[in-house]
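Enquirer: give the three-dimensional model of this entry:
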Amino acid sequence: MKTTDTLTSLMSLTDEPNEHLYINIANAIINYGETALPYLKDKLKETTDNLHVERLRNLIEVIERQLIVKRLKTWSEKREYDLLEPYFILSKYKFPKADWSNIGFQTIMIIEQVENELNYELTPLEQVKILNHIIYDVNKFKGDIVAINNDDYYYANTLFETHKGNPFSLGILYCIIAERLGLPIFPVILPNHFILAYCKKTRHFPLLEDVLFYINPFNNGIVLTRKDIRNYLNELNIKSELKYYEPTKNPHIIKRLLCL
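Expert: Numbering: from 1, shown residues only. So this is what the prediction gives:
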């Protein structure tokens, strides 16, 4: 039997009242992966029964989640760990109807704006000043307290549509721009916060000793010191540990997004 015929037959069985039989039907559909998605979405449009609708939505979610995992696995195997690709993959999964062509265009435009102003002979602080000017002054991105408690603001579409973000989304944008321009700026995860570290270019991935200074993307890119981090941790009554000062690899950032 052709795949088309098989999937059409399976769609007609998705309202099976016997739960044990339905599990076998659902597994058969899931095994078709991405191929089954158009059939499931068409079936969903013509379905009104609440249980049936819930089943179809669950199947779509399971398959789309599997596709995300597969794409992220492919990304991780490249061992380049560029943040742009996985960040857009996860954002598109959460908000598939957003105008992703425009978001991609805006991202490229901002990178080009920074590149046009950037001089690699400048000091790290002068380079950061240019980044801050383009991101916060020219493009009007800003941190928003409301965004901290709203998961939507973790994703690229909400960030670009509102130009408001939380430390996480603004930090990722900052990192993406820096990565594309070869600037040694890396993420640092703090409790309830996300900052960046500008590092010496002494090795493939920097250690604590390579950090020159820190950047707060949520507060217009102001420069921070280790003392500022210590004070922040003290305010939260959290023990100061090495992990709160060291640069973090991009896969850890993506894992945080997956946990939302």
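Enquirer: from here on, just use CA atoms for contacts and neighbour counts.
Expert: Fine.
Enquirer: quick one: residues in contact with the helix or strand encompassing residue 115.
Expert: Assigned by DSSP states H and E, residue 115 belongs to helix 100-117. Residues outside helix 100-117 that contact it (CA atoms under 8 Å, 6 or more residues apart in numbering) are 92, 130, 131, 134, 135, 139, 156, 157, 160, 177, 180, 181.
Enquirer: show me the two of those that sit farthest apart.
Expert: 92 and 130 (29.4 Å; CA to CA).
Enquirer: and the next element down the chain from the helix holding residue 115?
Expert: helix 124-132.
Enquirer: list buried residues within the contacts of helix 100-117.
Expert: Listed as buried from these are 92, 130, 131, 134, 135, 156, 157, 160, 177; burial here means 16 or more other CA atoms under 10 Å.
Enquirer: residues contacting the third one?
Expert: By CA under 8 Å, 6+ apart, the contact list for residue 131 reads residue 114.
Enquirer: now do the helices in this protein.
Expert: Applying DSSP state H to the chain gives helices spanning 3-12, 19-31, 37-45, 50-78, 84-94, 100-117, 124-132, 145-148, 156-162, 167-180, 226-235, 250-258.
Enquirer: deepest-packed of the ones you listed, please.
Expert: When you average the neighbours per residue for each of the helices of the chain (mean count of other CA atoms under 10 Å), helix 167-180 leads with a mean of 23.
Enquirer: got the angle between the helix holding residue 115 and helix 124-132?
Expert: Angle, helix 100-117 to helix 124-132, by axes from the mean of the first three to the mean of the last three CA atoms, to 10 degrees: 140 degrees.
Enquirer: dump the C-alpha coordinates for helix 100-117 into PDB.
Expert: The C-alpha coordinates for helix 100-117 follow below in PDB (Å, rounded to 0.1, in the frame of the first residue of the first chain):
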ATOM      1  CA  TRP A 100      10.400  34.700   9.900                       C
ATOM      2  CA  SER A 101      11.600  36.100   6.600                       C
ATOM      3  CA  ASN A 102      11.400  39.600   8.100                       C
ATOM      4  CA  ILE A 103      12.900  38.500  11.400                       C
ATOM      5  CA  GLY A 104      15.800  37.000   9.500                       C
ATOM      6  CA  PHE A 105      16.200  40.100   7.400                       C
ATOM      7  CA  GLN A 106      16.300  42.300  10.500                       C
ATOM      8  CA  THR A 107      18.900  40.100  12.100                       C
ATOM      9  CA  ILE A 108      21.200  40.400   9.000                       C
ATOM     10  CA  MET A 109      20.600  44.100   8.900                       C
ATOM     11  CA  ILE A 110      21.700  44.700  12.500                       C
ATOM     12  CA  ILE A 111      24.800  42.600  11.900                       C
ATOM     13  CA  GLU A 112      25.700  44.700   8.900                       C
ATOM     14  CA  GLN A 113      25.000  47.900  10.700                       C
ATOM     15  CA  VAL A 114      27.500  46.900  13.400                       C
ATOM     16  CA  GLU A 115      30.000  45.600  10.800                       C
ATOM     17  CA  ASN A 116      29.900  49.000   9.000                       C
ATOM     18  CA  GLU A 117      30.800  50.800  12.200                       C
END
